[in-house]
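[1] need coordinates for the below:
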Amino acid sequence: MNHPVVEHCMRVYGLPDSARRAGGGATLLVDDAYRIHVVPSAQGWVALLARLCGLPRHRGEREALLLHCGTLAFGMLGRHAATLAMDRHEENLLLQQMLRPGFAVGQFPETLGGFVNALAVWREIAASGAAS
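    Numbering: from 1, shown residues only. Just a heads-up that it's a prediction; the model follows:
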């Protein structure tokens, strides 16, 4: 069975079958700029994931970027639902928001809007951290 949040996205946003990902998720393209993956997870959870930036290969640059972003993320933990993560290959910095089991799909547009707003801010933060 497919996750209700993923099915909601497929139906409401008119996503083609090509938007469906391996593992039962889907990919949304918002404002022609933000690719957001809706990924079912264990025990009924769903993750919203988006790539912020690639991580530098040079250790010093990588550590500086992670310190810059991590410091800001720590300060935002109590106020924002989205947080930073890395992909499993530790090549990309991601923004992630977890939706609890039983999440009401009627709340998805508002949740998605908040995630996109956070994504826009975090992309700027990541870019400024990579440039410094």
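
[2] for the lengthiest helix in the chain, give the mean pLDDT please.
    Longest helix in the chain, counting residues (DSSP state H): helix 108-131. For helix 108-131, mean pLDDT is 89.

[3] with stretch 22-35 instead?
    For stretch 22-35, mean pLDDT is 90.

[4] I'd like the distance from that stretch to the chain centre, please.
    Here the centre of stretch 22-35 is set off from its chain's centre by 10 Å, with Cα atoms, centre = their mean, to the nearest Å.

[5] tell me which residues in that stretch are buried?
    Buried positions in stretch 22-35, judged by neighbour count with 16 or more other Cβ atoms under 10 Å: 25-28, 34. Yep, even glycine has a C-beta here, placed from its N, CA and C like the rest.

[6] also stretch 65-77?
    Of all the residues in stretch 65-77, those buried under the rule 16+ other Cβ under 10 Å are 65-66, 68-69, 73, 76.

[7] which residues does it contact?
    Under the criterion Cβ atoms under 8 Å, 6 or more residues apart in numbering, residues 52-53, 55-56, 83-84, 93, 122, 125-126, 128-130, 132 lie in contact with stretch 65-77.

[8] tell me the mean pLDDT for that stretch?
    84.

[9] nearest to residue 100 among the contacts of stretch 65-77?
    Residue 100 lies nearest to residue 83 out of the contacts of stretch 65-77, by Cβ to Cβ, at 14.7 Å.

[10] gap between the two ends of stretch 13-28?
    8 Å (Cα to Cα, to the nearest Å).

[11] enumerate every residue touching the residue nearest to residue 51 when sequence neighbours are not counted.
    In this structure, residue 51 finds its nearest non-sequential neighbour in residue 92, 5.2 Å apart by Cβ to Cβ, 6 or more residues apart in numbering. Applying Cβ under 8 Å, 6+ apart to residue 92 gives the contacts 51-55, 86.

[12] can you check the pLDDT for the residue lying farthest from the centre of the chain?
    Using Cα atoms, centre = their mean, the residue of the chain lying farthest from its centre is residue 60. It sits 25.2 Å away. Model confidence at residue 60, given as pLDDT, is 92.
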